[in-house]
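Chemist: Here is a sequence together with a model predicted from it:
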Amino acid sequence: MSGKDLEKELLWEAPHIAKEAPEQRAEADAFCEGYKKFLDASKTEREYVKASVAMLKEAGYTEFDRTKTYCPGDKIFWNNRGKALAAATIGTLPLEEGLRLNAAHIDSPRLDLKPNPLFEKNEIAYFKPHYYGGIRKYQWSAVPLAMHGVVVKADGEAVTVSIGEEPGDPQFCITDLLPHLSAEQNGRKLGEGIKGEELNIVVGSIPFIGEEDEKIKAPVKLMAMKLLHEKYGITEKDFTRAEIEMVPAYKAVDIGLDRSLVGAYGQDDRVCAYTALMAEMETKAPAHTTFTVLADKEEVGSSGNTGLDSDFLLHMIEDLAEAMGAHCNTVLRHSICLSSDVNAAYDPTFAFVYEERNACHINKGCVLTKYTGARGKSGTNDASAETMAEVIRIMDENGVYWQTGELGAVDVGGGGTIAKFAASMEMDVVDLGVPILSMHAPFELASKLDVYNTYRAFHAFYR
Ligand code: MN
Ligand code: MN
């Protein structure tokens, strides 16, 4: 036997998809056109739920009703407070054979306005944010921002706010120093390049001109509030009843001469949410009941009643089990859960934070992450060999391109996903998702071939 043959028989390495399956390039391109549109239309968890519910209804899903009985092929959804969502397709097997559950998150790092955000300094009006999730603050200055969110007025009316997305809309921006005057700032550590209380968002510079001799305390702030009042009928007090998110204002685009990458805000984790939702909707008569969860609050630790550290998912499964006459704990014990989230793609520019052989690489397919955590896998779910084997079997049998990954080299850093919360319900869980470059930056990159193979992985998992 030649060494080449022996190498082929005994050694393994994930291939570059474009070399092995060049025909997938056109398929991936076509798939990502819809993906980019969805990214542009759904930059916040509320917008994502709204757009998804519309698509689910169109695809024949009805809102779960615990008094109804459901048959194989029936499609149902749950809407958790407009900020998290689940969709399911009833399988032909009894529910107690377990769910094929897929959980992604639809919140992304951003700048949330504080409850008292509007102020004026030296005749410039600003918004004051508190950042949400893990951001590198210096990346968010000198970037065009859009304003998204909801304001609940005193009478209970909820007003949806969106400024900066339509052509011709004004946008917003955090300022930074010019290089000529940044000697002192350059001496700061990178993490303090822009400090939390320096993330002041410019919203206006023209004062309200009152009647003669009238003393107005903050005329530029007043002008900004007047313009918001004209557009939305809100007053300053209404900010205390609001959730306003400032996000990058630009649209998703192709990156590279070969258009091989998608560049956009919030691909962590809308890339998994979109691919999961597409696969869920296309699943017709699965063997196991499929269950697709799009959760909020992952970026702040899955806390709150729309995050997966709450019992909302357990309650949904309990309700479904009750409606189907199944024992919920048995359902959970027999379920497999994909914790569908992104991982850090190997970046040759910053090779020192990765262990090359165990990092995921762009264009090698969806990434199966056995464990996350930090410092000796602390806080990880750490998928069992059996769970890894089952998910790998599904992917191999369906020709899905996949690879393994870990979140950086040992002791460089680390992090977590929703995997441990799903595991605490006694389901078998493993992380699977898309390798991302510049994760958590206002503009993240993903390979179209990886996005497409993640969608193919979910498709195979549900079927
Ligand atoms: Mn994520
Ligand atoms: Mn994240």
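Modeler: Structure's in. What do you need? Ligands and ions are numbered 1, 2, ... in the order given.
Chemist: CA atoms for contacts and neighbours, from now on please.
Modeler: Fine.
Chemist: Tell me the pLDDT of Asp213.
Modeler: Reported pLDDT at Asp213 in the predicted model: 75.
Chemist: My reading is that it lies in a helix. Confirm?
Modeler: No: counting by DSSP: H, G, I helix; E, B strand; the rest coil, Asp213 falls outside a helix, being coil.
Chemist: In contact with Ala457, which residues?
Modeler: Ala457 makes contacts with Cys366, Met395, Val400, as judged by CA atoms under 8 Å, 6 or more residues apart in numbering.
Chemist: Need the three-state assignment for the spatially most central residue of the chain.
Modeler: Residue closest to the mean C-alpha point of the chain, counted by CA atoms, centre = their mean, is Asp269 at 2.4 Å. Per three-state DSSP, the secondary structure class of Asp269 is helix.
Chemist: right, and it touches Ile106 too?
Modeler: Yes: with contacts counted by CA atoms under 8 Å, Asp269 reaches Ile106, the gap being 6.0 Å.
Chemist: mind listing what's buried in stretch 278-296?
Modeler: By neighbour count with 16 or more other CA atoms under 10 Å, stretch 278-296 contains the buried residues 278-281, 283-296.
Chemist: near ligand 1, which of those show up?
Modeler: Counting by CA under 5 Å from the ion, nothing from those sits close to ligand 1.
Chemist: Just the ones in helices from the residues you listed, please.
Modeler: Members of these lying in helices (criterion: DSSP state H): Met278, Ala279, Glu280, Met281.
Chemist: Let me know the pLDDT of the second one.
Modeler: Same thing as Ala279. On pLDDT, Ala279 comes in at 98.
Chemist: Distance check, it against Thr89.
Modeler: Distance of Ala279 to Thr89, given as CA to CA, to the nearest Å: 11 Å.
Chemist: before we move on, what about the third one?
Modeler: Using CA to CA, Glu280 is found at 8 Å from Thr89.
Chemist: between these two, what contacts are shared?
Modeler: Counting by CA under 8 Å, 6+ apart, the contacts common to Glu280 and Thr89 are Thr290, Phe291.
Chemist: Tell me if stretch 365-378 is near ligand 1.
Modeler: No: Stretch 365-378 stays clear of ligand 1 (CA under 5 Å from the ion), getting no nearer than 11.9 Å.
Chemist: And that stretch, end to end?
Modeler: By CA to CA, the extent of stretch 365-378 from end to end equals 27 Å.
Chemist: quick one: buried residues of it?
Modeler: Buried residues in stretch 365-378, defined by neighbour count with 16+ other CA under 10 Å: Gly365, Cys366, Val367, Leu368, Thr369, Lys370, Tyr371, Thr372, Gly373, Ala374, Lys377.
Chemist: Would you confirm that the fourth one contacts Asp450?
Modeler: Yep, that's Leu368 we're talking about. No: the pair Leu368 / Asp450 is not scored as a contact, 11.9 Å apart, by CA under 8 Å.
Chemist: okay, and the common contacts of these two?
Modeler: In contact with both Leu368 and Asp450: no residue, using CA under 8 Å, 6+ apart.
Chemist: Quickly note the distance from the closest residue to ligand 1 within the stretch 351-463 of the chain to Ser205.
Modeler: Closest contact between the stretch 351-463 of the chain and ligand 1, by CA to the ion, is at Thr417 (6.5 Å). Thr417 is 42 Å from Ser205, where distance means CA to CA.
Chemist: Next up, the contacts around the residue nearest to Lys137 when sequence neighbours are not counted.
Modeler: Closest residue in space to Lys137, ignoring its immediate chain neighbours: Ile194 at 5.8 Å, by CA to CA, 6 or more residues apart in numbering. Applying CA under 8 Å, 6+ apart to Ile194 gives the contacts Lys137, Tyr138, Ser141, Asp176.
Chemist: For the third one, which residues are in contact?
Modeler: Spelled out, it's Ser141. Cys173, Ile174, Thr175, Asp176, Ile194, Leu199.
Chemist: Mind doing that once more with 6 Å?
Modeler: Applying CA atoms under 6 Å, 6 or more residues apart in numbering, we find Ser141 in contact with Ile174, Thr175, Asp176.
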